[in-house]
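Chemist: sequence first, predicted coordinates after that:
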Amino acid sequence: MKKRQRKIRLIRAGIQLLFFIFAPALFSTAFAGVKSIFQAIVAHQAVTWNSFLDVTAVLLVVTCLFGRHFCGYACAFGSLGDALYELTVFVRQKVFHKKGRHGYSGKTIRILQKVKYIWLAVLLISILIGWYGQLQGMSPWDVFSMLTAGRLPGATYKIGIILLILIMIGMCTQERFFCQFLCPMGAIFAIMPIAPSALFNRDRNTCPAKCGACKKRCPARLDIDGDTPLSGECICCHACQGICPKKNIRIGIPKVKEEREAVQENAAKV
């Protein structure tokens, strides 16, 4: 099981590193597409298709078809959160001899997950009433984009720098802190309809009694039961697959998988 976990972590870390180096601005670009739609509405103009909307549309389609793998593998801001959290886990284990992974309770996570929807609404309303321009210099992801582009933010970005530092501290306290609680694109992705073939499923009949390892390991503390009201909160990190002692968690429609496995077993007998 540890080898499987290590393999999943290494593959994911490798993909995250590539996107962090070569496409660190995908998150901010995607939200810029959403922003351009609302700015056109405010200006009473037709929405003009642009390169920002290209990225937004692609990510929305990918999310619908394959789940939130962008969040789990390609978002540079999410990757930063993973790096800071894993570093904190390492320090806790090696310096303070704390075992296991730290984080908030499931109840606290459920409450905080709603904050990103409120924040998304605040941002969109601020665009509609013409107040968004007043937020110049306050955006932590603008500061992050500048840093990843090799530019130091100026004095006008003091608030954005402070907010970024506070978010980074939060990232050390809970896995995927920003993605779960504050990300406006995460709020959009979470309400997108996900294709059944992109949902994680498990067969409860073969689960060990009182196991719950998958839910404990899941950053969002989700039950791995396919299409549930909270399935949109899954960031597709595949940690549940790595931790499952029975290799019982898969992506796809359960019946289709069971039928295919039955066919394969019959073919093997023949």
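Modeler: Happy to help now that I have it.

Chemist: poorly predicted segments of the protein, please.
Modeler: 1, 255-270 (pLDDT under 70).

Chemist: for Tyr85, which three-state class applies?
Modeler: With DSSP: H, G, I helix; E, B strand; the rest coil as the basis, Tyr85 sits in helix.

Chemist: for it, grab the count of nearby residues.
Modeler: Residues lying near Tyr85 (other C-beta atoms under 10 Å) number 22. C-betas here are computed from N, CA, C, even on glycine.

Chemist: excluding its backbone neighbours, what's nearest it?
Modeler: Glu175 (4.9 Å; C-beta to C-beta, 6 or more residues apart in numbering).

Chemist: could you measure from the one you found over to Cys237?
Modeler: Distance of Glu175 to Cys237, given as C-beta to C-beta, to the nearest Å: 9 Å.

Chemist: who touches both of the two?
Modeler: Common contacts of Glu175 and Cys237 (C-beta atoms under 8 Å, 6 or more residues apart in numbering): Pro219.

Chemist: ends of stretch 39-51, what's the gap?
Modeler: By C-alpha to C-alpha, to the nearest Å, the extent of stretch 39-51 from end to end equals 15 Å.

Chemist: ok, which stretches of the protein are helices?
Modeler: 2-22, 26-42, 51-66, 69, 76-94, 106-113, 115-128, 140-148, 158-173, 177-181, 184-190, 213-217, 239-243, 254-269 (DSSP state H).

Chemist: just send those helices back as TSV, with distance to Ile224 too.
Modeler: Below are the helices of the chain laid out as TSV (distance: least, C-beta to C-beta, whole Å):
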stretch	distance to Ile224
helix 2-22	15
helix 26-42	26
helix 51-66	17
helix 69	16
helix 76-94	20
helix 106-113	14
helix 115-128	22
helix 140-148	30
helix 158-173	24
helix 177-181	17
helix 184-190	17
helix 213-217	5
helix 239-243	5
helix 254-269	11
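
Chemist: do you know which of those helices lies nearest Thr206?
Modeler: helix 254-269 (11.5 Å; C-beta to C-beta).

Chemist: and of the helices of the chain, who's closest to Pro196?
Modeler: Of all these, helix 254-269 comes closest under C-beta to C-beta, at 8.9 Å.

Chemist: residues contacting Asn205?
Modeler: Asn205 touches nothing, counting by C-beta under 8 Å, 6+ apart.

Chemist: distance of it from Pro196?
Modeler: For Asn205 relative to Pro196 (C-beta to C-beta), the value is 20 Å.

Chemist: same thing with Lys246?
Modeler: 22 Å.

Chemist: related to what we said a few turns ago, could you pull up phi and psi at the residue nearest to Tyr85?
Modeler: Backbone torsions for Glu175, taken as degrees, to the nearest 10, come to phi -60, psi 130.

Chemist: can you count the residues close to Ser51?
Modeler: So Ser51, with other C-beta under 10 Å, has 11 neighbours.

Chemist: skipping adjacent residues, who's closest to it in space?
Modeler: The nearest residue in space to Ser51 (C-beta to C-beta, 6+ apart) is Thr29, at 7.9 Å.

Chemist: so the one you found makes contact with Val58?
Modeler: No. Thr29 sits out of contact with Val58 when judged by C-beta atoms under 8 Å, with a separation of 10.3 Å.

Chemist: those two - which one has more neighbours?
Modeler: Thr29 (18 against 14).

Chemist: what separates that one from Met185, distance-wise?
Modeler: 10 Å.
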